[in-house]
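Student: Pasting a predicted model and its sequence here:
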Amino acid sequence: MSRELLYQYFSDDDFLRISDKIKQAELKTSGEIRVSVKENKPLLKSKKTIKDLAEEEFYNLGMDKTRDKTGILLYISLKEKAFQILADSGINQKVEPNTWDELKDQLQKNFSDGKFTDGIIETIGAMGKILSEHFPIKQDDTNELSNKVEF
């Protein structure tokens with residue numbers, strides 16, 4: 001599979017930086033952050049919205065299976081120039097939905113300025129800060145989900 005579009009926006013070093021930022025953010029929270037970057041919508045799913053695709057990815061990655069329902073996904077579709085922040089029920093019970101809208105607005109600005117990696121890293125940092133306020137790290141916390149960027 002060609003990753004031509006992917007590498008127009010990101011390098012392998014960028015993906016390492018993003019993964020490292022996830023690891024760093026999760027040191028202070030029991031929340032689980034994932035980033036998924038897709039080049040475009042699959043042909044069979046062309047009628048689905050970005051939110052629908054993000055929800056599918058959320059379940060495909062097992063993000064609904066965290067102990068305290070504290071998974072959060074940043075889903076990006078490059079060709080559509082669209083993204084979605086999707087949080088699990090444990091997070092949604094404690095964090096106002098407009099909190100994610102503010103992050104989305106800032107990320108959109110970064111993307112518009114061509115700051116793709118920096119925008120994602122900034123968003124992960126903000127997610128980590130919010131999650132650490134509501135879901136501080138627990139003594140018996142384990143890293144339940146991979147920190148690697150999903151393609």
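Tutor: The structure has been received and is ready for your questions.

Student: now the strands: where do they sit in the protein?
Tutor: 32-38, 71-77, 82-87 (DSSP state E).

Student: Nearest to residue 61, out of those?
Tutor: Residue 61 lies closest to strand 32-38 among the strands of the chain, at 5.8 Å (CB to CB). C-beta coordinates here come from the backbone N, C-alpha and C atoms, glycine included.

Student: elements contacting the closest one?
Tutor: Packing partners of strand 32-38 (3 or more CB pairs under 8 Å, 6 or more residues apart in numbering; DSSP states H and E): helix 12-25, helix 50-60, strand 71-77, helix 116-134.

Student: rerun that using 6 Å as the cut-off
Tutor: When contacts are defined as 3 or more CB pairs under 6 Å, 6 or more residues apart in numbering; DSSP states H and E, strand 32-38 packs onto helix 12-25, strand 71-77.

Student: For the nearest residue to residue 89 once chain neighbours are set aside, give me its contacts.
Tutor: Leaving aside its chain neighbours, residue 89 sits nearest to residue 69 (4.8 Å; criterion: CB to CB, 6 or more residues apart in numbering). Counting by CB atoms under 6 Å, 6 or more residues apart in numbering, residue 69 makes contact with 88-90.

Student: Out of these, which sit inside helices?
Tutor: Taking DSSP state H as the definition of helices, the contacts of residue 69 contribute 89-90.

Student: among the contacts of residue 69, which ones are buried?
Tutor: The neighbour count (16 or more other CB atoms under 10 Å) marks 88, 90 as buried among the contacts of residue 69.

Student: Reformat the strands of the chain as JSON lines; add mean neighbour count.
Tutor: As requested, the strands of the chain are exported to JSON lines (neighbours: other CB atoms under 10 Å):
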{"stretch": "strand 32-38", "mean neighbour count": "23"}
{"stretch": "strand 71-77", "mean neighbour count": "24"}
{"stretch": "strand 82-87", "mean neighbour count": "21"}
